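>>> got a sequence here, can you model it:
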Amino acid sequence: MPEPAAESLFVDPAVRSLRSDLALALRAAAHHGLGEGVCNHFSVALPQRPDWFLLNPRGLHWSEVREDDIVLVDAQGRRLAGRHPVEPTAMFIHAAVHRIAGKVCVMHTHMPHATALTLTDLRGLDTTLSQGAMRFHGRVAVDADYNGLALDASEGERIARAMHGADVAFLGNHGVVVCGERVDHAFDDLYCLERACQAQVIALSTGRPLQPVQPEIAARVAAQTLGERLQSELFFASLRRMLG
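The predicted structure is shown next:
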């Protein structure tokens, strides 16, 4: 049952802004082909209550999600506010990553090129290859131990612990989790991660040897990228103009 205090917080202007950002991120992900039917989820913790978070609802395609469709849930998966039901399985990964890894925004997808790399022996992205990949140097964890669908809390907790604080986790034979302190920054990373994975998949398809750079160069590029996130914010603003 929705709680009166949660309902009041749900319509707070700051929370409404977060709901709008989360809905835009979902529509933008659909626009760029990063979604999978009505599966996968994006979430963001409330600054006023970090143990509560906003989440996309069950059964809506990401392209149709608007601010009023977002729901508010607690760490146990109870819907606190919002008009749509919550998919129970969404909670097992997101609640654990918010609670254990301490992440504010959590985006879980099965986007194609990133998922393709989880099927290889490397299990993820080589962050010493393309310039786009270098932004993730030192920020990636790999969880190679696929255990089936995340249908209980223990699997979500195992994934969260395997992240070891990383911003990006490649889940073997499964997909990816991308995290950030803000919705716009996390979405930009999600988009750029898929592009970097796409470049690596295409390069591998040539059959020619790959040519990585030295790790210290990749580390410098990562620091340069993270040192100024205005580009991420401008990209997200452009998506708002494009997608409404």
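
>>> measure the residue of the chain positioned farthest from its centre to Ile202 for me?
Distance from the centre of the chain peaks at Arg208, with 31.5 Å (Cα atoms, centre = their mean). Taken as Cβ to Cβ, to the nearest Å, the spacing of Arg208 relative to Ile202 amounts to 11 Å. For glycine as for every other residue, the C-beta is placed from the backbone atoms N, C-alpha and C.

>>> same deal with Phe10?
Relative to Ile202, and taking Cβ to Cβ, Phe10 is found at 44 Å.

>>> quick one: average pLDDT of stretch 233-241?
In this model, stretch 233-241 has an average pLDDT of 98.

>>> what's the neighbour count on His31?
The local packing of His31 (other Cβ atoms under 10 Å) involves 14 other residues.

>>> so for it, what's the pLDDT?
98.

>>> I'd say it and Ser63 touch.
Yes - using Cβ atoms under 8 Å, His31 and Ser63 qualify as a contacting pair, with a distance of 7.1 Å.

>>> list the buried residues in stretch 125-138.
Residues of stretch 125-138 classed as buried: 125-130, 132-137 (neighbour count, 16 or more other Cβ atoms under 10 Å).

>>> from these, which two are the most distant?
Distance extremes for those: the farthest pair is Asp126 and Arg135 at 13.0 Å, using Cβ to Cβ.

>>> now the residue most central in space within the chain, what are its backbone angles?
Closest residue to the average C-alpha location of the chain: Met107 at 1.8 Å, with Cα atoms, centre = their mean. Dihedral angles phi and psi of Met107 (degrees, to the nearest 10) take the values phi -120, psi 120.

>>> thanks a lot, catch you later.
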